[in-house]
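Chemist: Starting from these lines, generate the structure:
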Amino acid sequence: MTRSEFDDIRAFLADPATHAGDLLDVARDLVDDLERARMREAWLRTHYLRLLTAARASVAAEYAGAPDPLAFVRHELDEHGQLPRD
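Modeler: I've put the predicted structure just below:
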């Protein structure tokens, strides 16, 4: 939700002509927005942690002398179509 949307909601709530039923609709919309934001955050956190884990594994593989230490990072990038084309 953008800053201007919050400002619009504040103005709507401050308007004396706003009815209780209208407030309930706004509350439902806000709960829906919060749920979407929570799900997006969980998705982003999961992908961040997977990439961080792959980066740590690649560093550990390099220290251990593995022949292809970037394999872990490459795998994560490939799963999301983020590898450069040959």
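
Chemist: Please enumerate the helices of the chain.
Modeler: 3-14, 20-63, 71-79 (DSSP state H).

Chemist: Which secondary structure element of the chain has the lowest mean pLDDT?
Modeler: helix 3-14 (a mean of 84; mean pLDDT, DSSP states H and E).

Chemist: counting contacts, what elements does that one pack onto?
Modeler: For helix 3-14, the elements it packs on are helix 20-63, judged by 3 or more CB pairs under 8 Å, 6 or more residues apart in numbering; DSSP states H and E. Any C-beta I mention is one placed from the backbone N, CA and C, and that applies to glycine too.

Chemist: Show the average pLDDT along the helix it packs on.
Modeler: The average pLDDT within helix 20-63 is 94.

Chemist: Next, the angle helix 71-79 makes with it.
Modeler: Here helix 20-63 points in a direction 140 degrees away from that of helix 71-79 (axes from the mean of the first three to the mean of the last three CA atoms, to 10 degrees).
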